[in-house]
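Trainee: please work out how this folds:
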Amino acid sequence: YDFQNIWGYGGISIADSITNEIAAGVTYQMASTGSGDERRLVYLTTAASAYPLSQSFHIGLAMRHQVISGGPDPSNSMTMAAGLIFRPFDELCLSLSGHNLIGVWNEDVPRYFSFGISSRIGGQLTPTVEPRADFNQPQNPRVAFSGGVEWLAADTFPLRMGYSYDQINATQHLGFGLGYFSQGSGVDLAYRHELGGTQGKMLALTIKIQ
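Mentor: Numbering: from 1, shown residues only. Alright, predicted model coming up:
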């Protein structure tokens, strides 16, 4: 919930292993954003699956249905995302993904590509970076960059901080988070502060049950 700009989002996800190798999940999300004539409601339903090609390579595919009401460009459409993860060894993970690969021609659903790098140092420290690219305007490609680090204190309390510079949406954010997890279940609280722009201040609460 962004208490500065008065908009928010919510969602619920269920994930499981269909077999020992294939994982699948479904999620439903609802969001409200914008103000005045730009105000719109967004409803997203996503089904996804992942499969290991080997111990080092994993592929994933997601299909998403979105209903966008209000705003200048309502939409009722389907799109998809696909990704590849390469883990050459336990301490390093590389990812490449494409999003909204089925063209919807809606400014709220742009096609973009992401590349991620993360590491696990000493089993407790996890730095990560993710550049993202938008080629929808070939003469003026735009990029976004995010980076952060998480420290897992006592194997139970994740503490995080991060920064993002988004040329695509012309925003910058600082983020902080902390949580408590035990045997796969727990609670997590995060805060994101926008630098400039609309001065957004967002709080997010995640509850996980396993």
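Trainee: quick one: residues contacting the nearest residue to P141 once chain neighbours are set aside.
Mentor: Spatial nearest neighbour of P141, chain neighbours left out: F135 (5.1 Å); criterion: C-beta to C-beta, 6 or more residues apart in numbering. Where you see a C-beta, it was placed from the backbone N, CA and C, and this is true even at glycine. Going by C-beta atoms under 8 Å, 6 or more residues apart in numbering, F135 touches 111-113, 141.
Trainee: out of these, who has the most neighbours?
Mentor: Y112 (19 neighbours; other C-beta atoms under 10 Å).
Trainee: wait, doesn't that residue sit right on H99?
Mentor: Yes: with contacts counted by C-beta atoms under 8 Å, Y112 reaches H99, the gap being 5.4 Å.
Trainee: one step back: how about the contacts of F135 in TSV, adding distance to Y43 and pLDDT?
Mentor: Formatted as TSV, the contacts of F135 follow (distance: C-beta to C-beta, whole Å; pLDDT from 0 to 100):
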residue	distance to Y43	pLDDT
R111	20	91
Y112	21	92
F113	25	95
P141	30	86
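Trainee: so which of those are in helices?
Mentor: Counting by DSSP state H, none of the members of these fall within helices.
Trainee: show me where the chain has its strands.
Mentor: Along the chain, counting by DSSP state E, strands occupy 8-17, 23-33, 40-52, 57-70, 75-89, 92-99, 112-119, 125-134, 142-153, 157-166, 171-182, 185-194, 201-208.
Trainee: quick one: mean pLDDT over the second one.
Mentor: So the one you mean is strand 23-33. In this model, strand 23-33 has an average pLDDT of 90.
Trainee: quick one: buried residues of it?
Mentor: Neighbour-count burial for strand 23-33, counted by 16 or more other C-beta atoms under 10 Å, picks out 23, 27, 29, 32-33.
Trainee: so where is the protein shaky, pLDDT-wise?
Mentor: For the chain, applying pLDDT under 70 flags the ranges 18.
Trainee: rerun at 80
Mentor: Residue ranges of the chain with pLDDT under 80: 17-20, 33-38, 71-72, 137-138, 184.
Trainee: returning to what we had before: in a markdown table: the strands of the chain, plus distance to Y1.
Mentor: Below are those laid out as a markdown table (distance: least, C-beta to C-beta, whole Å):
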| stretch | distance to Y1 |
| --- | --- |
| strand 8-17 | 4 |
| strand 23-33 | 10 |
| strand 40-52 | 15 |
| strand 57-70 | 19 |
| strand 75-89 | 24 |
| strand 92-99 | 24 |
| strand 112-119 | 25 |
| strand 125-134 | 24 |
| strand 142-153 | 21 |
| strand 157-166 | 19 |
| strand 171-182 | 15 |
| strand 185-194 | 11 |
| strand 201-208 | 6 |
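Trainee: of those strands, which is nearest W105?
Mentor: Closest approach to W105 among the strands of the chain (C-beta to C-beta): strand 75-89, 8.7 Å.
Trainee: quick one on the thing from earlier: just give me the closest of the contacts of F135 to Y51.
Mentor: Closest to Y51, out of all of the contacts of F135 and judged by C-beta to C-beta, is F113, at 20.8 Å.
Trainee: N136 is in contact with the closest one, correct?
Mentor: No: assessed by C-beta under 8 Å, F113 is found out of contact with N136, at 11.0 Å.
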